[in-house]
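**Student:** return atomic coordinates for the entry below.
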Amino acid sequence: MKIRVRVSLLLLPFILLLQSLGTSSAIAEEWQRVPYSYPNQAYVFNTVSQYIEYNEGISIGSKLTFNRPTSNGGTISVHCESFQSANCVEALPTQLQANLTFPKCKNSESTWCISKVFIYKKDSIPVEAEFVKYIDGNKFEADGKYDLPEGGTISLWKIKEPASTEQVLFAVDVNQTFYWSPTPYYSQLTGGIYPVAIKTGNEYFPEIYSKNDKSSTGSGYLISPKCEKAIFTSKGECGSKELFPANYRFGLSIVVPQSVNGFISGRLEETKFSTNSAQSNSANKTITIDAEPMKIPRLGVALTKEQALQMIPSLRDGGMNWFAQDNRQDGDILKRIDFLRDIVGDKASGFSTVWNFTNLSSGSAINACKISNNTFPGLIATNAMIMSPNPPVFKDSEFIYQVAGMHFEPDGKTLSVGNYTMIVSKDVVSCLYGSNQIPITASISIVNSETGDKKISVSTIKNDGKFYTLNISGFNFSNPEIRVKLQFPEVKMEVIKRSITCVKGKMKKKISGTNPKCPTGYRISK
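**Tutor:** Presented below is the predicted three-dimensional model:
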């Protein structure tokens, strides 16, 4: 059922590579998507966290694309070694696209890069990971003509936690999409953490896409079929998805230009979020996200053709292999989840544990607010099965955010329990409310839209000087509406009194008050 999260005031994938971690130390077994096969099982619906999580692997590294016009009015994607290569040099800036994988920062002036990676035990001091190497993959040189930075590949890191006995490697993959109009603008900043086991051997060499300069992007590797649960395969290496280790936190600091913005959407638990610039006049800012992985209820179901057409009438006979992608790309998925509720018995299919984020750059008055260059509007995170593809809506002094999910866990008996975190910049609060006051508490009302029952509680608001943080938990996915009204301290206006002297003949009277007036027949003495 749907939930509206209302708040009224008073986030490229990282991939975690784990070795020597047994199942006993890991977070619970992962849900597996329902497989698609045509024509036997041709109508399949799965929810996933991001497009690579249950895909057959990802492209390794960065890519440049020329969207070449065709005679029929369409385009084909052509791979470019660089924008100056013979097959791409004729392109107009508006026909170009770059998918950038962040390399490690080379110095304090670097941008579009990874500054630090943190992986450490819960309840301990953050520990930086140590860089090991880059995974072999696509990359490109910086191009000053297009203000294009260097494009790198997935980077490997290892833990430096002094007391740790675990030998752990980490691959970090942070991504940003570039377009030109004709100057560059940025579409989506994305990050995620995926545990994988590393296997080596000649059988793991991937196939490379054809680099036909007229029709093919040639931008990635095809996954070696012998690499099971593949996140990636590189030359002689298989990165196979594993479970998260229990009781660990993960953090990342990345450096981007001041112009990069947008509310961040995350699958993050107990999140710490900060932004800063090395200097007040710096052209860049550092974003740091530090959080635990989040356990998400999932849904996977094979439908009949009739059910699929009822849910999506525009479907053709070719089948349906649907990925919900957290609803970040498709607002209609909220309606489709309601349609599927009766079919699946209003229960989730399983759970997966993830750590990821993306920025949401459109569709909200929040992103229209003018904020300090060295900050972000804020961040939201939830364990809901489906979350809105847009930032929270601000209406009638409320932040409204839509999520949805099944009523029960996979056993069909245990209620699914939701949580929601909203971190909002003080600049956004001042912009939307027209006040520089600091909210102190929040009154939370959870309203069941079916019965009208209301549960009211009070929550505190954390304030770190730049952001206000509010955590809501304990609600169920039985179509409640969550309303949060943040309360500001009462402002006491100073009362100013004045006195006048009134006369009538030889009689005098002194009158005091905020707006003193002489009685009838008296006049003010001059």
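**Student:** for the helix or strand hosting residue 340, name the packing helices and strands.
**Tutor:** In this structure, residue 340 sits in helix 333-343 according to DSSP states H and E. Where contact means 3 or more C-beta pairs under 8 Å, 6 or more residues apart in numbering; DSSP states H and E, helix 333-343 is packed against strand 2-8, helix 305-311, strand 386-387, strand 398-404. From N, CA and C alone the C-beta is placed, and that goes for glycine too.
**Student:** what comes up buried for that helix?
**Tutor:** Burial within helix 333-343, assessed by neighbour count using 16 or more other C-beta atoms under 10 Å, is assigned to 333-334, 336-337, 340-341.
**Student:** pick out the most distant pair among these.
**Tutor:** In the buried residues of helix 333-343, two members sit farther apart than any others by C-beta to C-beta. They are 333 and 341, at 12.8 Å.
**Student:** can I get the CA coordinates of the helix or strand that the helix holding residue 340 is followed by in PDB?
**Tutor:** Note on helix 333-343: by DSSP H and E, the next helix or strand toward the C-terminus is strand 350-360. Coordinates of the C-alpha atoms in strand 350-360 are reproduced here as PDB (Å, rounded to 0.1, in the frame of the first residue of the first chain):
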ATOM      1  CA  GLY A 350      12.400 -11.600   0.100                       C
ATOM      2  CA  PHE A 351      15.000  -9.200   1.300                       C
ATOM      3  CA  SER A 352      18.200  -7.700   0.000                       C
ATOM      4  CA  THR A 353      20.800  -5.600   1.800                       C
ATOM      5  CA  VAL A 354      22.200  -2.600  -0.100                       C
ATOM      6  CA  TRP A 355      24.200   0.600   0.300                       C
ATOM      7  CA  ASN A 356      23.600   3.100  -2.500                       C
ATOM      8  CA  PHE A 357      22.500   6.700  -3.400                       C
ATOM      9  CA  THR A 358      21.700   8.900  -6.300                       C
ATOM     10  CA  ASN A 359      20.900  12.600  -6.600                       C
ATOM     11  CA  LEU A 360      17.500  13.800  -7.700                       C
END
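**Student:** what distance separates strand 350-360 from the centre of its chain?
**Tutor:** Strand 350-360 has its average C-alpha position 8 Å from the chain's average C-alpha position, going by C-alpha atoms, centre = their mean, to the nearest Å.
**Student:** tell me which helix or strand comes right after it.
**Tutor:** Along the chain past strand 350-360, the next helix or strand (assigned with DSSP H and E) turns out to be helix 365-368.
**Student:** what does that next one rub up against?
**Tutor:** The contact list for helix 365-368 (C-beta atoms under 8 Å, 6 or more residues apart in numbering) reads 261-263, 360-361, 377-378, 391-394, 399, 424, 428, 432.
**Student:** what's the ChimeraX line that selects buried ones from those residues?
**Tutor:** Entered in ChimeraX, the line below selects the buried ones among the contacts of helix 365-368, by 16+ other C-beta under 10 Å:
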select :261,262,263,360,361,377,378,391,392,393,394,399,424,428,432
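**Student:** show me the domain layout of this structure.
**Tutor:** Following the assignment in automatic domain parsing, the chain carries domains at 2-11+13-487, 497-526.
**Student:** what mean pLDDT does the last one get?
**Tutor:** Right, the one you point to is domain 497-526. With pLDDT averaged residue by residue, domain 497-526 scores 86.
**Student:** do the same with the longest one
**Tutor:** The pLDDT scores in domain 2-11+13-487 average 79.
**Student:** the strands in the stretch 351-500 of the chain, which residues?
**Tutor:** Counting by DSSP state E, counting those that start in this stretch, the stretch 351-500 of the chain has these strands, from start to end: 378-382, 386-387, 393-395, 398-404, 417-425, 441-448, 454-460, 462-463, 467-476, 480-487, 498-504.
**Student:** now these in TSV, with distance to residue 82?
**Tutor:** Formatted as TSV, the entries for the strands of the stretch 351-500 of the chain read as follows, by distance: least, C-beta to C-beta, whole Å:
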stretch	distance to residue 82
strand 378-382	35
strand 386-387	38
strand 393-395	42
strand 398-404	42
strand 417-425	38
strand 441-448	52
strand 454-460	53
strand 462-463	47
strand 467-476	40
strand 480-487	50
strand 498-504	77
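**Student:** quick one: which of the contacts of helix 365-368 is nearest residue 482?
**Tutor:** The shortest distance between residue 482 and any of the contacts of helix 365-368, using C-beta to C-beta, involves residue 399 and amounts to 10.5 Å.
**Student:** what's opposite that closest one in the beta bridge?
**Tutor:** Each beta-bridge partner of residue 399 is listed here: residue 7, residue 394, as defined by DSSP bridges.
**Student:** over to residue 419?
**Tutor:** Residue 419 forms beta bridges with residue 473, as assigned by DSSP bridges.
**Student:** give me the number of residues near it?
**Tutor:** Number of residues near residue 419 (other C-beta atoms under 10 Å) recorded here: 15.
**Student:** what residues are up against it?
**Tutor:** Under the criterion of C-beta under 8 Å, 6+ apart, the neighbours of residue 419 are 269, 382-383, 471-474.
**Student:** over to residue 526?
**Tutor:** When contacts are counted by C-beta under 8 Å, 6+ apart, residue 526 is found next to no other residue.
**Student:** rewinding a little: contact partners of the helix holding residue 340?
**Tutor:** Here helix 333-343 makes contact (C-beta under 8 Å, 6+ apart) with 1-2, 45, 299, 301, 303, 307, 310-312, 324, 327, 385-386, 388, 402, 404-407.
**Student:** and it with strand 398-404, angle?
**Tutor:** Between the axis of helix 333-343 and that of strand 398-404 there is an angle of 40 degrees, by axes from the mean of the first three to the mean of the last three C-alpha atoms, to 10 degrees.
**Student:** circling back: which among the strands of the stretch 351-500 of the chain is found nearest to residue 239?
**Tutor:** Residue 239 lies closest, by C-beta to C-beta, to one member of those: strand 378-382, at 25.8 Å.
**Student:** what's next to the closest one, contact-wise?
**Tutor:** Contacts of strand 378-382 from elsewhere in the structure, counted by C-beta under 8 Å, 6+ apart, are 5, 11, 263-269, 271, 273, 289, 291, 294, 357, 366, 387, 391-392, 401, 403, 418-425, 428, 467.
**Student:** tell me the angle it makes with strand 350-360.
**Tutor:** Using the same axes, to 10 degrees, the interaxial angle of strand 378-382 with respect to strand 350-360 works out to 170 degrees.
**Student:** from here on, call the first residue 43.
**Tutor:** All right, first residue 43 from here; so that's strand 420-424.
**Student:** can I get strand 420-424 in PDB, CA atoms only?
**Tutor:** Coordinates of the C-alpha atoms in strand 420-424 are reproduced here as PDB (Å, rounded to 0.1, in the frame of the first residue of the first chain):
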ATOM      1  CA  GLY A 420      19.500  17.400   1.600                       C
ATOM      2  CA  LEU A 421      19.100  13.600   1.600                       C
ATOM      3  CA  ILE A 422      16.300  11.200   2.100                       C
ATOM      4  CA  ALA A 423      16.600   7.400   2.900                       C
ATOM      5  CA  THR A 424      14.000   4.700   3.400                       C
END
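**Student:** now that strand, how far from the centre of its chain.
**Tutor:** With C-alpha atoms, centre = their mean, you get 7 Å for strand 420-424.
**Student:** direction included, what does it pair up with?
**Tutor:** strand 305-309 (parallel), strand 459-467 (antiparallel).
**Student:** okay, the ones you listed in TSV with distance to residue 76 next?
**Tutor:** Formatted as TSV, the strands paired with strand 420-424 follow (distance: least, C-beta to C-beta, whole Å):
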stretch	distance to residue 76
strand 305-309	21
strand 459-467	24
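**Student:** so which of these is nearest residue 488?
**Tutor:** Among those, strand 459-467 comes nearest to residue 488, with 10.0 Å by C-beta to C-beta.
**Student:** for that closest one, buried residues please.
**Tutor:** For strand 459-467, the buried set under the neighbour-count rule, 16+ other C-beta under 10 Å, comprises 460, 462-467.
**Student:** thanks again, I'm all set now.
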